[in-house]
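Asks: A predicted structure for the sequence below; I have some questions about it.
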Amino acid sequence: MASLQIIASSSSSVFCSSSQRIKSSIQFPKLPNRVPSSYNYVPSRKLFEELNGFRFTTPPTFQQDSSSSSSSSSSSSSSSSNTTQQLYAILEAVADRVELHHNVADQRNNWNTLLLNNINMLTLTATAMAAMAAATPLLELKISSTLLFSAATGVMLVVNKIQPSQLAEEQRNATRLFKQLQSQIETTIALGNANQEDVKKAMEKVLALDKAYPLPLLGVMIEKFPSKFEPAVWWPQQQPLSPSSKRRSGRRNGWNEGLERELKDVLEVVKRKDMEDYERLGNMVLKIHKSLAIAGPLLSGIAAVGSMFVSEGSSWAAMVTVMAGALATAVNALEHGGQVGMVSEMYRNTGGFFRLLEDSIEEEVEEERENGELFEMKVALKLGRSVSQLRQLAKKSAYSRVEGTPTNNDEFASKIF
């Protein structure tokens with residue numbers, strides 16, 4: 001037994017020593033302590049070579065992909081930043097125009113008040129002098145009356161040509177429209193999806209407003225007495241659509257056949273009721289405006305001529321002079337005190353509002369660039385209605401068209417104008 005134990009212990013010691021030698025002869029490669037999180041290693045031949053001590057010079061594929069993606073993202077971000085800078089530049093110009101047109105509107109409104117009072121004082125003073133000259137044989141009174149009537153006639157001709165109240169209303173409308181454009185550009189910047197098309201459209205709108213509401217009085221002033229009433233146009237004219245740019249069938253962006261039909265029915269009411277009514281009123285105000293602009297200087301001129309024949313005992317000359325002077329004062333007070341030119345410009349601007357609404361609806365129905373439900377809400381707000389009221393108006397229009405019966409004469413599309 002003792003001999004067996006000695007043999008077993010010796011054999012076990014020999015086995016242990018041999019196993020230690022085998023372990024010491026095998027050396028495993030050291031793995032890296034930590035793999036960077038930004039590297040996405042995939043078991044491959046290159047990984048095997050690296051673990052076994054080989055070096056390779058070809059950069060990993062993921063580095064090329066990351067560099068290309070970073071360059072593309074940097075180029076897109078630089079393009080977006082450039083577009084935003086351009087919009088901010090346009091926004092600064094628009095804000096400056098808002099302040100400029102606001103100041104000019106106040107200035108021309110002051111012109112209207114000042115010139116109105118001066119002309120009335122001239123005509124009233126000249127009328128009083130003509131009446132005194134008929135009772136008192138003083139040459140100075142007659143000459144002074146004639147000079148004052150002549151001065152009033154000249155000033156009245158100039159004032160009726162430029163129409164300060166209408167000029168002030170033009171600048172007030174320009175201020176409002178530039179503020180509207182300013183808010184649109186701010187919204188585009190806030191949404192963060194601006195592109196070069198937005199920059200182009202903003203520039204076109206600014207230039208169109210500059211052309212529609214000029215500041216100078218000489219050369220480019222809007223015609224105050226056109227032969228026919230024409231609505232104002234302050235938006236850039238859209239180019240006719242090419243067949244390739246028209247919407248494709250089946251394209252949906254909140255649009256459907258029912259919504260398109262609804263907007264067309266609303267537009268029909270706008271054309272048949274609102275636009276026709278404002279065109280009729282605009283022509284009527286334009287005729288009244290022309291009549292008053294002619295009557296004022298004419299009466300003042302008659303008074304100036306009549307005052308030259310005023311003398312003691314010439315009651316007819318004095319009567320003609322006094323009556324013409326009084327009527328000239330009344331006409332001037334009605335025209336400029338009542339701001340008939342401002343009313344004419346208001347109708348012209350309102351007609352332009354309906355014309356712009358017509359162009360917007362036709363363009364959106366054709367191209368469907370904006371979400372249909374959002375555009376429907378915008379149209380309803382522009383007409384002073386809720387969406388449900390707008391749909392009810394469209395139903396009435398469609399019913400009258402199908403049945404061939406006229407709609408209610410009191411039913412206009414707009415509840416604001």
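Replies: Cool, the structure landed.
Asks: Below-threshold pLDDT in this protein: ranges please.
Replies: For the chain, the stretches with pLDDT under 70 are 1-79, 239-252, 312-313, 404-410.
Asks: Apply 80 and report the result again.
Replies: Residue ranges of the chain with pLDDT under 80: 1-80, 137, 238-253, 311-315, 401-411, 417.
Asks: ok, then the element right after the helix ranked longest in the chain?
Replies: The longest helix of the chain (DSSP state H) is helix 61-135. Heading C-terminal from helix 61-135, the first helix or strand you meet, by DSSP states H and E, is helix 139-162.
Asks: Pull out the buried residues from that following helix.
Replies: For helix 139-162, a neighbour-count test (16 or more other Cβ atoms under 10 Å) marks 141-142, 144-146, 148-153, 155-156, 159-160, 162 as buried. For the C-beta atoms, the positions are set from N, CA and C on the backbone; glycine is no exception.
Asks: Let me know the closest of those to residue 122.
Replies: Comparing the buried residues of helix 139-162 against residue 122 with Cβ to Cβ places residue 152 closest, at 4.0 Å.
Asks: any chance you could map the helices in the chain?
Replies: Applying DSSP H to the chain gives helices spanning 2-25, 45-51, 61-135, 139-162, 164-191, 196-212, 257-269, 276-308, 315-332, 340-367, 372-382, 387-403.
Asks: helices and strands around the third one, which ones?
Replies: The elements that helix 61-135 packs onto, with contact taken as 3 or more Cβ pairs under 8 Å, 6 or more residues apart in numbering; DSSP states H and E, are helix 139-162, helix 164-191, helix 196-212, helix 276-308, helix 315-332.
Asks: As a markdown table, the helices of the chain with distance to residue 218 would be great.
Replies: Listed next are these as a markdown table, based on distance: least, Cβ to Cβ, whole Å:
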| stretch | distance to residue 218 |
| --- | --- |
| helix 2-25 | 106 |
| helix 45-51 | 80 |
| helix 61-135 | 15 |
| helix 139-162 | 10 |
| helix 164-191 | 13 |
| helix 196-212 | 16 |
| helix 257-269 | 39 |
| helix 276-308 | 19 |
| helix 315-332 | 24 |
| helix 340-367 | 18 |
| helix 372-382 | 36 |
| helix 387-403 | 45 |
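Asks: Tell me who's in contact with residue 150.
Replies: Taking Cβ atoms under 8 Å, 6 or more residues apart in numbering as the criterion, residue 150 is in contact with residue 304.
Asks: do you know how far it is from residue 308?
Replies: 10 Å (Cβ to Cβ, to the nearest Å).
Asks: List the contacts of the residue nearest to residue 327 when sequence neighbours are not counted.
Replies: Excluding the flanking residues, the one nearest residue 327 by Cβ to Cβ, 6 or more residues apart in numbering is residue 299, at 4.9 Å. Counting by Cβ under 8 Å, 6+ apart, residue 299 touches 324-325, 327-328, 331.
Asks: same thing but 7 Å
Replies: By Cβ atoms under 7 Å, 6 or more residues apart in numbering, the residues touching residue 299 are 324, 327-328, 331.
Asks: who wins for neighbours among these?
Replies: When neighbours are taken as other Cβ atoms under 10 Å, the top entry among those is residue 328 (31 neighbours).
Asks: thinking that residue is in contact with residue 301, fair?
Replies: No: using Cβ atoms under 7 Å, residue 328 is not in contact with residue 301, being 8.6 Å away.
Asks: which residues are in contact with stretch 129-140?
Replies: Applying Cβ under 7 Å, 6+ apart, the contact partners of stretch 129-140 are 141-142, 144-145, 148, 307, 310, 312, 314-315, 318, 321-322, 325.
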